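Peer 1: Need a 3D model of the sequence below.
(one chain, ligands or ions: 1)
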Amino acid sequence: MTQALPSPDRPLRIGTRGSPLALAQAHETRNRLAAAFDLPEAAFEIVVIKTTGDDRALIAADRPLKEIGGKGLFTKEIEEDLLTGRIDIAVHSMKDMPVEQPAGLTLDCYLPREDVRDAFVTLDGMAFGDLPEGAVVGTSSLRRRAQLLFRRPDLQVVEFRGNVQTRMRKLTEGVAEATFLACAGLNRLGMDDVRRTPIAAEDMLPAVAQGAIGIERRTGDSAAAALLDAIHDGPTGQRLAAERAYLAALDGSCETPIAGLAELSGGEVTLRGEILRPDGSECLTDYGRAPIADGAALGREIAARLLDRAGPGFFDWRKA
Ligand SMILES: NCc1[nH]cc(CCC(=O)O)c1CC(=O)O
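Peer 2: The predicted structure is shown next:
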């Protein structure tokens, strides 16, 4: 590296949201950078940024997140601070990232992906199959809601918002009997006490990019680029290239029930995609494989096939 490394006098400022999960992800990023360059913790500064999505007054309301602002809700203010130089890099859950970044920003560094699966979470460790008829399940995810109703139309799904801790509290309060959380979040938070059953990806296909952390920087910042290059995980990048191209070709917003998962094997990338009607009355799946270098094209191809089968209005809410 030709540029000076960060130091306690000139720390690298790492921007993040303030939720426990976001902070855990920022700490993981800092620790990996510190280890890669043999730097002390004091060479990094974690800068907590409040986003629209963290506005309690907005989020406390019972409106679905998609009405408040959809994708970008948790990233806009952080990206502004990156562009103005208040922070040097920004750490994100890739699952919450829009498929395109604003002009001037680059997102091409990914940490090794965590467990991609969703977990079924209850207070007493019940299995999904034992959920009684008509049970109330809490989730704010359109994808999980539709996947759930497709398999179990008898269930009642209630809006369940907030960070992992808030959702666990709602279970304790009896607002719902069960919820779904990403294994990745529980693992990163070290919440080993939460009773969970991981659901195989074939049974509940995860959200695009679930379990992946991405790190964004200013496009022209070669010092940050060199730092991030040292902690980038290539295979995660290859999987996300396929998944995010698929998502972009379908719908960049999070207003639609979409699932997708890419995996690598034997020099190839495989991609499974699934789209559902919001009420869970229909579920379309597709699958393909391609050389790893053609992952993005594979993503677009699977999206096109699904859209073709779905026809117009597939994602519209049906009038009851
Ligand atoms: N939308 C919230 C969100 N964004 C990322 C994660 C979990 C961690 C991950 O998937 O990387 C979660 C919580 C959840 O879905 O349980």
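Peer 1: So which residues lie in contact with stretch 191-204, not counting its own?
Peer 2: With contact meaning CB atoms under 8 Å, 6 or more residues apart in numbering, stretch 191-204 is reached by 115-125, 127-128, 144, 147, 164, 168, 180-181, 183, 186, 259, 261, 272. C-betas here are computed from N, CA, C, even on glycine.
Peer 1: Out of those residues, which sit inside helices?
Peer 2: Under the assignment DSSP state H, these contribute R144, Q147, V164, M168, C183, L186 to helices.
Peer 1: Next to the ligand, which bits of the stretch 1-150 of the chain? Give me the list.
Peer 2: S93, K95, D96 (CB under 6 Å from any ligand atom).
Peer 1: The ligand contacts on the stretch 201-320 of the chain?
Peer 2: Residues of the stretch 201-320 of the chain lying near the ligand (CB under 6 Å from any ligand atom): Q210, G211.
Peer 1: mind listing the helices for the stretch 201-320 of the chain?
Peer 2: Using DSSP state H, counting those that start in this stretch, the helices of the stretch 201-320 of the chain run over 222-229, 234-250, 295-310.
Peer 1: Dump those helices to CSV, plus distance to L21 and mean neighbour count.
Peer 2: Output for those, formatted as CSV (distance: least, CB to CB, whole Å; neighbours: other CB atoms under 10 Å):
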stretch, distance to L21, mean neighbour count
helix 222-229, 21, 18
helix 234-250, 18, 23
helix 295-310, 26, 19
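Peer 1: For the ones you listed, give me a markdown table that also has mean pLDDT.
Peer 2: Formatted as a markdown table, the helices of the stretch 201-320 of the chain follow (pLDDT from 0 to 100):
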| stretch | mean pLDDT |
| --- | --- |
| helix 222-229 | 98 |
| helix 234-250 | 97 |
| helix 295-310 | 97 |
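Peer 1: and stretch 231-238, C-alpha only, in PDB?
Peer 2: Taking C-alpha atoms only, stretch 231-238 is exported to PDB below (Å, rounded to 0.1, in the frame of the first residue of the first chain):
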ATOM      1  CA  ILE A 231     -10.800  -8.300   3.700                       C
ATOM      2  CA  HIS A 232     -13.000  -8.900   0.700                       C
ATOM      3  CA  ASP A 233     -14.400 -12.500   0.300                       C
ATOM      4  CA  GLY A 234     -14.400 -13.400  -3.400                       C
ATOM      5  CA  PRO A 235     -16.900 -16.300  -3.200                       C
ATOM      6  CA  THR A 236     -19.500 -14.100  -1.400                       C
ATOM      7  CA  GLY A 237     -19.000 -11.500  -4.000                       C
ATOM      8  CA  GLN A 238     -19.700 -14.000  -6.800                       C
END
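Peer 1: For the ligand, what's its nearest residue on the stretch 201-320 of the chain.
Peer 2: Nearest residue of the stretch 201-320 of the chain to the ligand (CB to the nearest ligand atom) works out as Q210 at 4.1 Å.
Peer 1: tally of neighbours for that residue?
Peer 2: By the criterion of other CB atoms under 10 Å, Q210 has 26 neighbours.
Peer 1: and what of R217?
Peer 2: Neighbours of R217 using other CB under 10 Å come to 22.
Peer 1: Once you drop chain neighbours, what's closest to it?
Peer 2: Computed as CB to CB, 6 or more residues apart in numbering, the closest residue to R217 that is not its neighbour in sequence is A224, at 4.1 Å.
Peer 1: my guess is that neighbour meets I87, correct?
Peer 2: No: with contact defined as CB atoms under 8 Å, A224 does not count as touching I87 (10.2 Å).
Peer 1: just the strands in the chain please.
Peer 2: Remark: strands assigned in the chain by DSSP state E are 12-16, 44-48, 89-93, 105-110, 118-121, 136-138, 156-158, 178-182, 196-198, 213-218, 258-265, 268-276, 283-291.
Peer 1: Make a markdown table out of those and add distance to K76 and mean pLDDT.
Peer 2: As requested, the strands of the chain are exported to a markdown table (distance: least, CB to CB, whole Å; pLDDT from 0 to 100):
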| stretch | distance to K76 | mean pLDDT |
| --- | --- | --- |
| strand 12-16 | 12 | 98 |
| strand 44-48 | 15 | 98 |
| strand 89-93 | 11 | 97 |
| strand 105-110 | 12 | 98 |
| strand 118-121 | 27 | 96 |
| strand 136-138 | 27 | 97 |
| strand 156-158 | 28 | 96 |
| strand 178-182 | 22 | 96 |
| strand 196-198 | 32 | 93 |
| strand 213-218 | 12 | 98 |
| strand 258-265 | 21 | 98 |
| strand 268-276 | 26 | 98 |
| strand 283-291 | 32 | 98 |
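Peer 1: residues touching the spatially most central residue of the chain, list them.
Peer 2: Central residue of the chain (CA atoms, centre = their mean): K95, 1.8 Å from the mean position. By CB under 8 Å, 6+ apart, K95 lies in contact with A182, A207, V208, A209, Q210, G211, A212.
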